[in-house]
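**Q** Here is the input, now give the coordinates:
(one chain, ligands or ions: 2)
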Amino acid sequence: MMAMPALSAAPGVGVRPVVSVPSCSTSSSSSLRSSSSVGQARLSRCLWQGEKKLSLLGRKRVLETVASAELNTVPLSEVASESPARNSDRRLDNEDIKQEARRHNRNEPCTTFSAKYVPFSPGIVTSEEYSLDEVIYRSKTGALLDVQHDYSALKKYDANYWKNLFDSRVGKTTWPYGSGVWSKKEWVLPEIDNDDIVSVFEGNSNLFWAERFGKEFLQMNDLWVKHCGISHTGSFKDLGMTVLVSQVNRLRRLKKPVVGVGCASTGDTSAALSAYCAAAGIPAIVFLPANKISIAQLVQPIANGALVLSLDTDFDGCMRLIREVTAELPIYLANSLNSLRLEGQKTAAIEICQQFDWQVPDWVIVPGGNLGNIYAFYKGFHMCKELGLIDRIPRLVCAQAANANPLYRAYKDGFENFKPITATSTFASAIQIGDPVSIDRAVYALKNCNGIVEEATEEELMDACAVADQTGMFTCPHTGVALTALMKLRKQGVIGPNDRTVVVSTAHGLKFTQSKIGYHSKELEGLASTHANPPVAVRDDFGSVMDVLRQKLSLR
Ligand SMILES: Cc1ncc(COP(=O)(O)O)c(C=O)c1O
Ligand SMILES: N[C@@H](CCOP(=O)(O)O)C(=O)O
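**A** Ligands and ions are numbered 1, 2, ... in the order given. Here you go, the predicted structure:
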């Protein structure tokens, strides 16, 4: 058997665009051109540089396809309705998915969009800014950074344009837009070359109607669960990691000194980092707190070939160390301290609006630990509102485990004082964090959406998981924390019976089976395990089986 280090179970988008949409380029340096001669020149470049391998027939098709988009103002609705026929063209001999995409991707607006790092200092005017190609995580004053998009460029396209564009990309395999993150590329990392993107077509996670749980337990008829855990590595972290690792891929191509990518983790960030780095052939280094993550989470970076360091400390200790190490060595920091991650994570919020046909839910409940995700959700909704796709931002609820509740404590204090704590053991082990790096981002997000912070005890979160599971879900403990917050707010009448509410499920329950086994075997110390459903041991004979069935099913 493989020797494991001491890291075992924890206890736990038809409106006419205002400009034409030429798009044969995948290059960040391309700009919007309307003259036909310039269009022809670009066309030739595309054909003879990027598409060297096309057959004569292929070249003719590209000429026809791109020329119509280059030389005319093409209503997006028409472009979209034409594309299935073109997309039914088979991939050409010797053409891979990226080359095929260059041929088909004429819906893509030319890259006039841009983004940069600015200090995260709401209300303070500063000229400080950095290119996304710089390796930098903090401002001159030590503040967090934020990725700022060029809204004046994005606003040249109206809300219907964006809705139709995003909608036209869902459910396709076109590189890279088959990804729920990259389907929103213009709002995420607009300048990255499509060839640098590292994606496993993450996102597009299901948003399902939790009918029985809502109606039977909460008298709610509009309760939804956004299942971000049904994902490549089983958590929402894939959304951010595709962005971060893609940018690292670009930095390495630009010959920037990045020998690897590192993170501290409670299990999910490390799993996502390892998988995306492995897909790109980039070394991954992960710092894990010994004995504080689940076996399923531990085995993910091991299997994906990451360098796994098991440290005799908690997550906050690992976080301190990785920050020191990444300041010394050319290792790129992959935690959400790095604002690139949040650009991917915010697409979950945009996706929720899209899944509701661009209607806004009343409430969105998100479990919080290092607190990047609650800000990412706020930013996603805020961007939709700024660009006119929605008319308001939902109220956000951040849910914390009572054993790891620094934000809850600060909230109760009117956000006047924030004090880091030493988080204690919780079944929601991925949010056992006492000194969250994104505290400022979280407080800003919650203040700006009239948000709420709730907490869940161990008993409450495990019971919430059990009850939800018995309505057909298979929840992770963090989702149990969010469900507990929902139950409390519903009971208090804060959330109404007809409020459209989305609970964000951040990880797949299959990553956390140990705590479920403990609960259903009534082996969790200090917990009544009220909803336990242990297996019934039965003797191997017909009579015994019949006796048990009669008794359990109340049959005579
Ligand atoms: C499964 C799961 N849920 C929720 C969270 C909390 O997200 P954040 O750290 O962005 O607050 C994390 C990580 O911290 C996580 O791994
Ligand atoms: N739950 C996280 C904790 C680290 O959060 P991050 O978003 O800052 O990377 C994990 O899985 O490691």
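**Q** What does the pLDDT read for the one residue in the stretch 151-300 of the chain that gets nearest to ligand 1?
**A** Closest to ligand 1 within the stretch 151-300 of the chain is Asp268: 3.5 Å, counting by C-beta to the nearest ligand atom. (Each C-beta comes from the backbone N, C-alpha and C, glycine too.) Note on Asp268: pLDDT of 98.
**Q** For the closest residue to it other than its chain neighbours, list the residues it contacts.
**A** Closest residue to Asp268 in three dimensions, ignoring its sequence neighbours and counting by C-beta to C-beta, 6 or more residues apart in numbering: Ser235, at 3.9 Å. By C-beta atoms under 8 Å, 6 or more residues apart in numbering, the contact list for Ser235 reads 228-229, 268, 271-272, 430, 506-508, 511.
**Q** Turn these into CSV, including neighbour count.
**A** Converted to CSV, the contacts of Ser235 look like this (neighbours: other C-beta atoms under 10 Å):
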residue, neighbour count
Cys228, 29
Gly229, 28
Asp268, 31
Ala271, 30
Ala272, 34
Ala430, 31
Thr506, 29
Ala507, 31
His508, 21
Lys511, 24
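**Q** For the chain, which segments are assigned as strands?
**A** Secondary structure of the chain (DSSP state E): strands at 115-119, 145-149, 207-209, 223-227, 260-264, 284-289, 307-311, 331-333, 363-367, 395-401, 452-456, 501-505.
**Q** Put the alpha carbons of the first one into PDB.
**A** I take that to be strand 115-119. Extracted C-alpha coordinates of strand 115-119, given in PDB (Å, rounded to 0.1, in the frame of the first residue of the first chain):
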ATOM      1  CA  ALA A 115      -8.400  44.600 -17.700                       C
ATOM      2  CA  LYS A 116      -5.700  45.600 -15.200                       C
ATOM      3  CA  TYR A 117      -4.900  45.300 -11.500                       C
ATOM      4  CA  VAL A 118      -5.800  48.200  -9.200                       C
ATOM      5  CA  PRO A 119      -5.600  48.400  -5.400                       C
END
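**Q** so how many other residues sit close to Lys412?
**A** 12 (other C-beta atoms under 10 Å).
**Q** gap between it and Val453?
**A** 8 Å (C-beta to C-beta, to the nearest Å).
**Q** what's the answer for Asp547, then?
**A** Taking C-beta to C-beta, one finds Asp547 at 50 Å from Val453.
**Q** what about the two, which has more around it?
**A** Ranked by neighbour count (other C-beta under 10 Å), Asp547 and Val453 place Val453 first, with 23 against 13.
**Q** Tell me the pLDDT of the more buried one.
**A** 98.
**Q** Check what pLDDT Arg102 gets.
**A** The model's pLDDT for Arg102 equals 79.
**Q** What's the local residue count around it?
**A** 23.
**Q** Quick check: closest non-adjacent residue to Tyr130.
**A** Tyr130's closest residue in space is Tyr117 (C-beta to C-beta, 6+ apart), at 4.1 Å.
**Q** My guess is the one you found contacts Leu132. True?
**A** Yes. Using C-beta atoms under 8 Å, Tyr117 and Leu132 qualify as a contacting pair, with a distance of 6.4 Å.
**Q** so what sits against both of these two?
**A** Residues touching both Tyr117 and Leu132 (C-beta under 8 Å, 6+ apart) are Val147.
**Q** okay, those two: which has more neighbours?
**A** Tyr117 (23 against 20).
**Q** What score does that one have for pLDDT?
**A** Predicted confidence (pLDDT) for Tyr117: 98.
**Q** what sits against it?
**A** 129-132, 134, 136, 145-148, 339.
**Q** which residues does it bridge with?
**A** Tyr130, Val147 (DSSP bridges).
**Q** List the buried residues of stretch 228-246.
**A** 228-229, 231-246 (16 or more other C-beta atoms under 10 Å).
**Q** Sorry, wrong one. I was asking about stretch 136-153.
**A** 137, 139, 143-147, 149, 153.
**Q** could these go into CSV alongside pLDDT and distance to ligand 2?
**A** Output for the buried residues of stretch 136-153, formatted as CSV (pLDDT from 0 to 100; distance: C-beta to the nearest ligand atom, whole Å):
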residue, pLDDT, distance to ligand 2
Tyr137, 97, 11
Ser139, 97, 18
Ala143, 96, 17
Leu144, 97, 12
Leu145, 98, 14
Asp146, 98, 15
Val147, 98, 15
His149, 98, 21
Ala153, 97, 29
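**Q** Show me the subset of those that also lies near ligand 1.
**A** Near ligand 1, taking C-beta under 6 Å from any ligand atom as the test, no member of those is found.
**Q** thinking Ile192 is in contact with Gln247, fair?
**A** Yes. The criterion here is C-beta under 8 Å, and Ile192 meets it with Gln247 at 6.8 Å.
**Q** Residues of the protein that sit close to ligand 2?
**A** Residues of the chain lying near ligand 2 (C-beta under 6 Å from any ligand atom): 263, 265-270, 335-336, 369-370, 372, 430.
**Q** Could you list which residues are in contact with Ala348?
**A** 203, 205, 226, 228, 236, 239, 376-377, 380, 504.
**Q** Can you flag the buried ones in these?
**A** 203, 205, 226, 228, 236, 239, 376-377, 380, 504.
**Q** Okay, and which of those residues map to helices?
**A** 239, 376-377, 380 (DSSP state H).
**Q** I am finished for the moment; much appreciated.
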